[in-house]
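Q: Attaching a predicted model along with its sequence, questions to come.
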Amino acid sequence: MSTDALVLLKEDHKEIKSVFKQFEQAGEDATEKKGELVTRMIELLTMHTYVENELIYPEVRRLLPDLEDDVLESYEEHHVADVLCLELGAMTPDAERFDAKTTVLIENVTHHIEEEEDEWFPKVREGLGRKQLSELGERLIEMKKTAPHSPTEPKGLKKTIDAITK
């Protein structure tokens with residue numbers, strides 16, 4: 001298993017996009033299945049945004065100050081995803097706007113993933129190199145073990161509140 005932080009983040013992205021695709025293919029009458037998929041989305045996104053917000057972004061800001069604007073934009077994109085996850089977590093799958101809200105979440109996160117992978121990751125790879133990315137990846141693996149799985153868990157809620165108040 002690779003410990004390269006960017007490889008690990010791309011693996012997260014792949015898993016998240018797989019759940020998105022399952023939701024989109026579930027069909028109109030799959031209310032229960034969609035509810036389960038959204039629960040999984042929220043879990044994956046909460047864990048992923050936590051490690052990026054608490055580890056990856058601060059380290060990239062510190063080590064590659066030229067990427068400050070990219071990091072700040074990423075924090076804001078995470079904030080939007082966090083709010084949508086909180087709202088979806090409070091809804092039932094048969095709620096009138098459940099599918100629409102999930103679609104907005106999927107569109108926003110897909111855009112964020114594309115930007116990260118196509119624009120941001122290459123800059124980070126060039127600026128940090130193999131050894132630093134591997135060390136960062138090892139820290140990421142450890143942090144994921146205790147990362148929140150829900151935006152309403154204390155660590156997840158703190159992350160959301162911090163994003164709102166910054």
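A: Cool, the structure landed. Residues are numbered from 1 along each chain as shown.
Q: SS state for Ala147?
A: Three-state call for Ala147 (DSSP: H, G, I helix; E, B strand; the rest coil): coil.
Q: What is the burial count for it?
A: Here the count is done by other Cβ atoms under 10 Å, and Ala147 has 21 residues near it. Glycine gets a C-beta too; all of them are placed from N, C-alpha and C.
Q: So it sits against Met47, correct?
A: Yes - the criterion here is Cβ atoms under 8 Å, and Ala147 meets it with Met47 at 4.4 Å.
Q: send the alpha carbons of the helix or strand harbouring Glu115 over as PDB?
A: Using DSSP states H and E, Glu115 maps to helix 98-115. Once non-C-alpha atoms are left out, helix 98-115 reads as follows in PDB (Å, rounded to 0.1, in the frame of the first residue of the first chain):
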ATOM      1  CA  PHE A  98     -33.500  14.900  -0.500                       C
ATOM      2  CA  ASP A  99     -32.600  13.800  -4.000                       C
ATOM      3  CA  ALA A 100     -32.100  17.400  -5.200                       C
ATOM      4  CA  LYS A 101     -29.900  18.300  -2.200                       C
ATOM      5  CA  THR A 102     -27.900  15.100  -2.800                       C
ATOM      6  CA  THR A 103     -27.500  16.000  -6.400                       C
ATOM      7  CA  VAL A 104     -26.100  19.400  -5.500                       C
ATOM      8  CA  LEU A 105     -23.700  17.700  -3.000                       C
ATOM      9  CA  ILE A 106     -22.500  15.300  -5.700                       C
ATOM     10  CA  GLU A 107     -22.000  18.200  -8.300                       C
ATOM     11  CA  ASN A 108     -20.100  20.300  -5.800                       C
ATOM     12  CA  VAL A 109     -17.800  17.600  -4.600                       C
ATOM     13  CA  THR A 110     -17.200  16.300  -8.100                       C
ATOM     14  CA  HIS A 111     -16.100  19.700  -9.200                       C
ATOM     15  CA  HIS A 112     -13.800  20.000  -6.100                       C
ATOM     16  CA  ILE A 113     -12.300  16.500  -6.800                       C
ATOM     17  CA  GLU A 114     -11.600  17.500 -10.400                       C
ATOM     18  CA  GLU A 115     -10.000  20.700  -9.400                       C
END
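Q: where's the residue of the chain most remote from its centre relative to Glu135, distance?
A: Checked against the mean C-alpha position of the chain, the extreme residue using Cα atoms, centre = their mean is Asp29, at a distance of 27.6 Å. As for Asp29, its distance to Glu135 is 48 Å (criterion: Cβ to Cβ, to the nearest Å).
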